[in-house]
Structure formats: structure tokens, C-alpha cells
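Enquirer: Here is my input, please return the structure:
(chains A and B)
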Amino acid sequence: MADQENSAPGSQADKPLDFIRQIVTQHQQQGGQRVITRFPPEPNGYLHIGHAKSICLNFGIAQEFSGQCHLRMDDTNPTKEEQEYIQSIQEDVRWLGFDWGQHYYHASDYFAQLYDWAILLIEAGKAYVDDQSAEEIRINRGTLTDPGRNSPFRGRPIQENLELFSAMREGAFPDGSKVLRAKIDMASPNLNLRDPVMYRILHASHPHAGNSWCIYPMYDWAHGQSDWIEGITHSICTLEFENHRPLYDWFVESLIAAGAQVPKVGYRPHQYEFARLELTYTLLSKRKLLELVKSDVVRGWDDPRMPTICGYRRRGYTPQAIRNFVTEVGVGKFNSTIDIGRLENALRDDLNRRASRRMAVLQPIKIIIDNYPENQVEQMEAANNPEDPSAGTRLIPFSREVYIEADDFRETPPPKYFRLAPGQEVRLRSAYWIRCTHVDKDSAGNITAIHCTYDPQTRGGSNPPDGRKVKGTIHWVSAAHAISAEVRLYDHLFTAADPSDVPPGKDWKVNLNPQSETVIAAAKLEPSLNDSPVGTSFQFERLGYFCVDRDSQPSRLVFNRSVSLKDSWAKEQKRK
RNA sequence: AGGGGUAUGGUGUAACGGUAGCACAAGCGCCUCUGGAGCGCUUUGUCUAGGUUCGAAUCCUAGUACCCCUGCCA
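Expert: Predicted structure coming up:
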């Protein structure tokens, strides 16, 4: 695989290791167990670029350290989880280029074990059934500064707890009427330790476990034990779970003290936390992304403007580009926001090496080459990829009338404008040099056609014998041979670098970019683009990278602009 | 306010008591049949204040700023 340029971890030639890889290296050098990591998404939405960071970290470490990485659905809340999400998660992880082998799991597969262990904790006097309402529990939890108060049911006899918990499991009680709580410390400064809820009653059917349960473990109760059961050595998660680590440790230690063990796993996991990925002009909240989908702001989870893995896939991102990006930004504990330009750059960098070049005109304006024979057609040879000679060449038909980009002609050109203007000469890429003689206009004064002459001695675009030079080379398509296609241009979904920065009292959707999508109904493309398969990426020369969208019909292609090319001319104009 | 974290150029990230480096961005130049790509050069930084030390981004003390925690979400 291409991303294995990291040789043996810890070897001298390596780039510096991030703090987690340093920990793993040390673990390995000290003869620790074979490294086992895991990626544990909740199937309550589609994976986004933030998850990609975690996926690359966990699966990447497993690869680099000759370990294994598990894919586990953290499916403890049936009210939010769906089969659709489970499938998309698997698809996206695979697409990113990772393989969990035999190690595919569900937290819900451990429900029975978790239930038995809960009983063990009750028997040890470390868990109790609480009859308080959610409201009462909240009030009695105390605040950040004030300790909580013990539940009136905290002292319930073990036998009674056992019977009640069993009745909960049997379905004797309605939702919300009782919970099982760990008996820890209602005065702990760490609120997670103030008798956290372990089980709630939920008469709901589960996407994976079906109807076999009506009590469901809380994430905090399920997570650490799931890692333990699977023999995870390094349990890697994001910063907000740092406060939960003492609880996970408490659960496993209490279970061990009560005699619990996991066959063949003589150690327990350790958790390490890293800063989640944030991007400018991007929102990575599952809740808000769901809202965009449900309110039809976008056309679905895989809308090319979405920061989801499937959105990027449809947009034309490559797995390699995403992996490179994640590697480049590194892993730390500082809450940082990465410039979205870094992601875009990673795509350009990857596609520059492999995407075939084609010519396409988005805003066509017609050129008539007056001295070119009418009805003559020549096939011009063009390189498919100047970066990669092995990509070969193709033929492009050339004729008397061609389209060029409207922006490549100015009747009164600004200074340093190297493109076409009256009296000015440019190269039509891989074709001929042309010089503008005059323009046709309609009664309203709009230019309807540009008249040019061509120099037959510049065939193929080559320099003429008289030593003339041109500064500009522009793209074109033969008017008679061009195919029409729809092209969708994309811009950031939000206008604010920080989309969560919302004026007081306003909805976060005020930051949505109304021009995030621009549809060009009839772009003109060179005919070799016909029949391009869905998902293929091309560079449209001088414009950007474009990818065939799945909305394409045999008679009508649809392209997404994945990312534009860097445009130093536009940048300079903007600066003025 | 209690607890848990984090501070290095514009943005990220290294340096683990010994020359503050790298990437992206920015700027300048070269080159070019993509104003793309490529190449070269340049600007910009250790949160603050003390202290230890021959020597501090790193160790100590005191501050400051930001993030997370009061779901029967994960």
C-alpha cells in the first residue's frame, strides 16, 4: 500500500512520531502485548472527515505496528441507530482503504456479558436500582461546585437490587421508571463518578440485537468493557472522554475485584485521548449534519458539499488524498482548526499525479477562424498527463469554429492579460496559434463571436519558425464536435470560517452559503469524455479536477468540480 | 466557582536541558504548450512574570487564555 512509507516504527529514518505512536512504540519495546486498536463508531449517522482521522489513526497504528484493528459498532442506543448507518460505516472504512479482517463486532454482542457483570457489581454492593425520575437524578447530581446528594434508594439491600434489576430486564417496568446506577461517590469533583447510570429501560427494538432487550447499557458502562473483552491494548478516543477514563478504570477494576475475567485477556486496555479534527468553513456535528439532510438544505448524506466520507467520495476526493491529509495534520492534544485549504491541497496533489487531462469550456464563447478551411477537421494529439508520460496521448478534433472560455477574451484587456484580445495572439492548447482580428456584436452590444486568424506553421501548438512567442495558452473545444454536459461547481457550505460562530439569537443556518452550488447546464466538452464511467476523475485543463457524478445519464454527463486548480491570475486580480 | 486538559510563526506540527526545524499559507524570482505542476530564495514563533542552570520551548513558582464535564446521548 502506498501509505506505508513509514518503515519500522521507531527506526531512525522515520519522521517524528506523534505522542500516541510514541506510547505504542514504547509499549512494543517493553515487550507489551501485540497491539490491538479499534474504531468504535455509533451507527447513528454517516462517517465524516473527523472520523477519517480516527480511522487512519487506529487502523494506521495497527498496520505500522503489526497489530490488528477492530471495527466495532457502538450500538447501545437503539432509539438513534439504524441499519442504514451500519452499512454506510462499513463501506466508508473499506473505501478509505482499511480492512478489519475477522474483527467486526457490535457492542450489542456483549449485552449478555454486560448484564451478568452488572449483577456481579450489584452483588459486590457496587450498583443499585434507583427509582428516582430523570429530573430527580439531575437535581441530586449537584453542580460543578456543589456535591450531589445520595439517592434515597442508594442503600437498597443487595437482594432487592437483584430482584428489581431482573424485573427490569424482564420488562416489568415502563421506560424511565428505574435505572441501574453504579455506587461510587456523589461528592466526586468528577461528575462522571457521581453514581453514573449503567442501564436505562428502553422498550425499543434494536437494529442488531432485535427485540431481546428492553434495558440497554449506557455508553460509559459498555465501552470500557467492550474494549476489555476484545483485548484492546490502546483505546484511542477524543479529548472529551478524558474525564470518563477514571470511570472506565473503576468499572474494570471493580469487576476484576469481584472476580470477573475475560478469557485469554490477561491485561486491560488503556485509554489515550487526542484532539478531534476541526476544519474551517466546515461543521462536523452529526446532529447538525443530520439536520441539513432532513431539512433538504443538501440533497443527502452524500451531497458533494457534505463533509461526510461519502460526500467527499461523490465530490471526487480520493482515499489517498484523505489519508495524506490526515497524516499531514498530525495528532496532538491541542484543540486546533485546520485550514480547509489543506484538504483541498491534498486532493490537488494526489489528482495531479493521476488524473487524465481533458479540455472543457464552462462559459463558452465562439471563435471563428476565418482563414481556416471550412469543413476541414484535423485530429490534434494531446498528452493525457504531462506529469506521467505513460498515460499516453489522445486525439482531439479541431475545426474552423471553436469555443473558448468567455473569461479568456477581453475586448479591452487589463495590464498583463496574456489571453485573447483584439490584435493579441494566443496558443490554443495542442492546436494552433490564433490572433484576434475583430468581434461580432448583437444590437445590444454583446459579443456574439470572435474572429481570428490562425498560423498554419504552429500546428500542434508548436512555436513558429520566425521565433515569435506567446504568453498565453488557452483551452478550447471544437464547436461541431463538442458534447454538452452539466457541470456542478461547489464552494464551501458555510460562509463563515467558523460556522458555529452565530450572532446571538440567530440560527446556525444563517452561516450557510447560498452559493455553495452553481450548476452549469451546458458546458462544452471534448468528445473523448463521452461514456466516462461514474466516479472517474479528470483534470479539465486550467479549471480544476472534475469527477463524473452518479446523476449522469448515457446521453448527458454530469460532472462535479472536486476542487479548482490554483489560479494565480485570479489571486492577483483579487488582491487589487 | 470544583475537576480534567491544552498553550511554539498566519495555520498546523517537531525539538524530550545544548544551533527553535518541517509542512501549508504568504512574498519574491526561475521555468513552463495548463497564469497548473515543478524549482530556488525570503518574511513571520516558544502565553506572561519571576526563578534554577554555563545553557530553558523543555525544570520550578505564580499568573493568564482557551477547551471539556451538571443526558436515562455517544
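
Enquirer: Let me know the pLDDT of A:T518.
Expert: pLDDT, the model's per-residue confidence, is 97 for A:T518.

Enquirer: Quick check: bridge partners of A:I201?
Expert: Taking DSSP bridges as the rule, A:I201 bridges to A:I215.

Enquirer: you'd agree it is up against A:G176?
Expert: Yes. Assessed by C-beta atoms under 8 Å, A:I201 is found in contact with A:G176 at 6.6 Å. (Each C-beta comes from the backbone N, C-alpha and C, glycine too.)

Enquirer: Who has more neighbours out of the two?
Expert: Taking other C-beta atoms under 10 Å, A:I201 and A:G176 do not tie; A:I201 has more neighbours (21 against 11).

Enquirer: Identify the residues contacting the residue of the stretch 451-576 of chain A found nearest RNA strand B.
Expert: Distance from RNA strand B to each residue of the stretch 451-576 of chain A (C-beta to the nearest atom of the strand) is smallest for A:G461, at 2.2 Å. A:G461 sits next to A:M380, A:R427, A:L428, A:R429, A:S430, A:A431, A:Y432, A:W433, A:T473 when contact means C-beta atoms under 8 Å, 6 or more residues apart in numbering.

Enquirer: Would you list the buried entries among those?
Expert: A:M380, A:R427, A:L428, A:R429, A:S430, A:A431, A:Y432, A:W433, A:T473 (16 or more other C-beta atoms under 10 Å).

Enquirer: State whether the second one is indeed within a helix.
Expert: What it means is A:R427. No. Read with DSSP: H, G, I helix; E, B strand; the rest coil, A:R427 is strand and lies in no helix.

Enquirer: which residues touch the closest residue to it other than its chain neighbours?
Expert: Leaving aside its sequence neighbours, A:R427 sits nearest to A:T473 (C-beta to C-beta, 6 or more residues apart in numbering; 4.4 Å). Counting by C-beta under 8 Å, 6+ apart, A:T473 touches A:V426, A:R427, A:L428, A:R429, A:G461.

Enquirer: now those residues in TSV, with pLDDT?
Expert: TSV is the format used below for the contacts of A:T473 (pLDDT from 0 to 100):
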residue	pLDDT
A:V426	98
A:R427	98
A:L428	98
A:R429	98
A:G461	96
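
Enquirer: Show me the two of those residues that sit farthest apart.
Expert: Farthest apart among the contacts of A:T473 by C-beta to C-beta are A:V426 and A:G461. That separation is 10.4 Å.

Enquirer: Which residues are in contact with each of the two?
Expert: Jointly contacting A:V426 and A:G461 under the rule C-beta under 8 Å, 6+ apart are A:W433, A:T473.

Enquirer: And the buried ones among the contacts of A:G461, which is closest to A:E541?
Expert: Nearest to A:E541 among the buried ones among the contacts of A:G461, counting by C-beta to C-beta, is A:R429 at 6.4 Å.

Enquirer: For burial, what's the neighbour tally of A:G259?
Expert: Using other C-beta under 10 Å, A:G259 has 9 other residues around it.

Enquirer: Now render the buried ones among the contacts of A:G461 as TSV, adding distance to RNA strand B.
Expert: Converted to TSV, those look like this (distance: C-beta to the nearest atom of the strand, whole Å):
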residue	distance to RNA strand B
A:M380	8
A:R427	5
A:L428	8
A:R429	4
A:S430	5
A:A431	7
A:Y432	9
A:W433	9
A:T473	4
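
Enquirer: Which parts of the stretch 351-500 of chain A are helices?
Expert: Shown for the stretch 351-500 of chain A, no helices are assigned by DSSP state H, counting those that start in this stretch.

Enquirer: Spell out which residues of it are next to RNA strand B.
Expert: A:352, A:357, A:385-387, A:416-419, A:427, A:429-430, A:460-462, A:472-474 (C-beta under 7 Å from any atom of the strand).

Enquirer: Which of the residues you listed fall in strands?
Expert: Judged by DSSP state E, strands contain the following of those: A:R357, A:R427, A:T473, A:I474.

Enquirer: A:E425 reaches A:W433, doesn't it?
Expert: Yes. A:E425 is within contact range of A:W433, at 5.8 Å (criterion: C-beta under 8 Å).

Enquirer: list residues touching both of these two?
Expert: Common contact partners of A:E425 and A:W433 (C-beta under 8 Å, 6+ apart): A:R468, A:V470.

Enquirer: hey, where'd the strands end up in the stretch 201-350 of chain A?
Expert: Using DSSP state E, counting those that start in this stretch, the strands of the stretch 201-350 of chain A run over residues A:215-217, A:234-238, A:270-274.
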